[in-house]
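Show me the folded form of this:
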Amino acid sequence: MEAKGKFISEILLRYRLNKKDALMVGDTYLWDCKSAKDVGVEALLLDSEYRTNCRSGKRARRVIRTLIEVLDYV
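As a prediction, the model looks like this:
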């Protein structure tokens, strides 16, 4: 497990959160979204210049443009 995935798992345990009740919002696909998915947490990618310029950023299926859009997923 990558460091970010381990950190996500530790946060879930610390706050007694169920994976199905968690949502990761990040700005990088590999570091944020993939790490969350690898530990079973849903993820949203914030659209940014990184996503446009990074090949892995184009893999994201759930992309938001503004943080207010998070409300559509909760």
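
helices and strands of the protein: which one has the lowest mean pLDDT?
helix 49-53 (a mean of 74; mean pLDDT, DSSP states H and E).

after that one, next one along is what?
strand 63-64 (DSSP states H and E).

for this protein, what spans make up the helices?
For the chain, the helices defined by DSSP state H cover 3-14, 35-38, 49-53.

and the first one, what does it pack onto?
The helices and strands touching helix 3-14, judged by 3 or more Cβ pairs under 8 Å, 6 or more residues apart in numbering; DSSP states H and E, are helix 35-38. The C-beta positions use only the backbone N, C-alpha and C, and glycine is treated the same way.

Now do the helix it packs on: which elements does it pack against?
Against helix 35-38 (3+ Cβ pairs under 8 Å, 6+ apart) you get helix 3-14, strand 23-26, strand 42-46.

What pairs with the shortest one, parallel or antiparallel?
Based on DSSP bridges, the strands next to strand 23-26 in the sheet, each with its direction, are strand 42-46 (parallel).

returning to what we had before: let me know which of the helices and strands packed on helix 35-38 is tucked in deepest.
strand 42-46 (a mean of 21; mean count of other Cβ atoms under 10 Å).

ok, and what's touching that strand?
Strand 42-46 is contacted from outside by 22-29, 32-34, 36-37, 51, 57, 60, 62-65, 67, 69-70, 73, using Cβ atoms under 8 Å, 6 or more residues apart in numbering.

try it again with 7 Å
Contact with strand 42-46 is made by 23-27, 29, 32-33, 36-37, 51, 57, 60, 62-64, 70, 73, as judged by Cβ atoms under 7 Å, 6 or more residues apart in numbering.

One more: stretch 11-20?
22, 40-41.

Same list as before, the residues you listed that is, but in JSON lines and with distance to R16 included.
Shown next, in JSON lines, are those (distance: Cβ to Cβ, whole Å):
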{"residue": "A22", "distance to R16": "11"}
{"residue": "G40", "distance to R16": "16"}
{"residue": "V41", "distance to R16": "15"}
